[in-house]
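>>> based on what follows, work out the 3D shape:
(one chain, ligands or ions: 1)
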Amino acid sequence: MDLQLNIEETLCIGCGECVTDCPYAILALENDLPVVLLDKAEQCIGCQHCLTICPTGALSILGKDPARSRPLKDNLPEAEQMETLIKGRRSVRRYKKESLPKATIDHLIQVAAHGPTGVNNRGLLFTVLDRAEDMEQFRQMVMGQIEQQIKGNHLPQGFDFFKAIFRSWTQGNDILFRGAPHLLLVSSPASGPTPVPDSLIALSYFELYAQSMDIGTLWNGFVYLTLTHILPELVGELGIPADHTLGYAMSFGRPAVRYHRTVQREDVQINRVRMTTG
Ligand SMILES: Cc1cc2nc3c(=O)[nH]c(=O)nc-3n(C[C@H](O)[C@H](O)[C@H](O)COP(=O)(O)O)c2cc1C
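Sure, this is the predicted structure:
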């Protein structure tokens, strides 16, 4: 396996940080320059830690040019800004009808895909309804099929509350999708090491980044339940492979609501472990 390790010798200072930080110890210094240990190359998980830790940008791996990475120095948000984003994020349940630009949605997904995954598994699939007109058609289809399930008495046990959701829909209140113009589903191969956490982390990052751009999001449990319990055949029809585990669903779009301050959550439970007394 050729990892395409390339060292710009005029820049490399032989510090060995790439060697020390590699989680699978596949690199070594030879004549003060990093090399791939040939019997270890197969173990590379492609995390790019070697590229990111190099202080001089001398190291390229897997064809990645370090000059294309954004430097971290002076480019990170202040901790207080992060805190405001986390505390100011809200579940948005009122949306403008129009689509977001396709490029904006693609960018959001590309950034969210930088979240961590177990063993750096890159199997995440982002299934998105990125045009409001498709979302509208999907909404109508889902509600039509839910209506059929209700009429045929086919709702699974424990899902009678969907009758109330449907009744609200007939009265002009879209409790299922909250009128959002877009829907994102994240899935990952069930055979991977950590498919569910991987998907949930990606959605969490998507949500925070979206809200930093004044794009509203909603963790959509009702849609998730619809796809996993009421209309599971839709998962395949949306193009999600049968061997994938669906992580969750998130509605999103330009909000038709504005929040002005953070909430105050003071009921945090902390279980502090002390291994010694005193
Ligand atoms: C896993 C999960 C599923 C959720 N499902 C729904 C849902 O189906 N419909 C809805 O209106 N809100 C849903 N929510 C939003 C929660 O009700 C919301 O996060 C909570 O009330 C706190 O409000 P906040 O997100 O604005 O802080 C869900 C949230 C999570 C984390």
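>>> and the residue in the stretch 101-250 of the chain positioned nearest to the ligand, how many neighbours?
Using C-beta to the nearest ligand atom, the point where the stretch 101-250 of the chain gets nearest to the ligand is residue 221, with a distance of 2.9 Å. Any C-beta I mention is one placed from the backbone N, CA and C, and that applies to glycine too. When neighbours are counted by other C-beta atoms under 10 Å, residue 221 registers 10.
>>> contacts only, for the one residue in the stretch 51-200 of the chain that gets nearest to the ligand.
Closest residue of the stretch 51-200 of the chain to the ligand, C-beta to the nearest ligand atom: residue 91 (3.4 Å). With contacts defined as C-beta atoms under 8 Å, 6 or more residues apart in numbering, residue 91 is in contact with 217, 218, 219.
>>> in ChimeraX, how would I select the buried members of these?
Here the buried members of those are turned into a ChimeraX selection, burial being counted by 16 or more other C-beta atoms under 10 Å:
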select :217,218
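>>> near the ligand, which of the contacts of residue 91 show up?
Near the ligand, taking C-beta under 6 Å from any ligand atom as the test, the members of those found are 218, 219.
>>> check for me that residue 128 belongs to a strand.
Yes - read with DSSP: H, G, I helix; E, B strand; the rest coil, residue 128 is one of the residues of a strand.
>>> OK, contacts around it?
When contacts are counted by C-beta under 8 Å, 6+ apart, residue 128 touches 105, 109, 182, 183, 184, 185.
>>> what residues does this protein have near the ligand?
If contact is defined as C-beta under 6 Å from any ligand atom, the residues of the chain in contact with the ligand are 90, 91, 93, 218, 219, 220, 221, 222.
>>> and the second one, its phi and psi?
So that's residue 91. Summarising the backbone geometry of residue 91 under the convention degrees, to the nearest 10, its torsions are phi -70, psi 120.
>>> gap between it and residue 51?
Here the distance between residue 91 and residue 51 works out to 37 Å (C-beta to C-beta, to the nearest Å).
>>> same question, the fourth one
Look at residue 218 and residue 51: by C-beta to C-beta, they are 36 Å apart.
>>> again with the third one
To residue 51, residue 93 is 41 Å away according to C-beta to C-beta.
>>> what's the answer for the fifth one, then?
To residue 51, residue 219 is 33 Å away according to C-beta to C-beta.
>>> same check, this time on the first one
When distances are taken as C-beta to C-beta, residue 90 and residue 51 turn out to be 36 Å apart.
>>> when the two are compared, which one has more neighbours?
Neighbours per residue (other C-beta under 10 Å) separate residue 90 from residue 51, with residue 51 holding more: 19 against 16.
>>> and that one, that one's in a helix?
Yes - the secondary structure assignment for residue 51 places it in a helix, going by three-state DSSP.
>>> list the contacts for it?
Residues touching residue 51, when contacts are defined by C-beta under 8 Å, 6+ apart, comprise 59, 60, 61, 64, 66, 69.
>>> sorry, back to before: tell me which of the residues of the chain next to the ligand fall in strands.
Here DSSP state E is the test, and these give 218, 219 as lying in strands.
>>> of the residues of the chain next to the ligand, which is the nearest to residue 199?
Relative to residue 199, the closest of the residues of the chain next to the ligand is residue 219; by C-beta to C-beta it sits at 11.9 Å.
>>> what's the nearest residue to the closest one if we skip its chain neighbours?
In this structure, residue 219 finds its nearest non-sequential neighbour in residue 250, 6.0 Å apart by C-beta to C-beta, 6 or more residues apart in numbering.
>>> and that neighbour, how far is that from residue 98?
Computed with C-beta to C-beta, the distance linking residue 250 and residue 98 is 18 Å.
>>> looking at these two, which is more packed in?
Regarding residue 250 and residue 98, a neighbour count based on other C-beta under 10 Å identifies residue 250 as having more, with 25 against 10.
>>> I figured that one was touching residue 183, is that so?
Yes - the pair residue 250 and residue 183 qualifies as a contact (C-beta atoms under 8 Å) at a distance of 7.3 Å.
>>> got any residues that touch both of those two?
When contacts are counted by C-beta under 8 Å, 6+ apart, residue 250 and residue 183 have residue 220 as shared neighbours.
>>> where does the chain have low pLDDT?
Screening the chain residue by residue with the criterion pLDDT under 70, one finds the ranges 278.
>>> of all residues in it, which one is nearest the centre?
residue 202 (1.6 Å; C-alpha atoms, centre = their mean).
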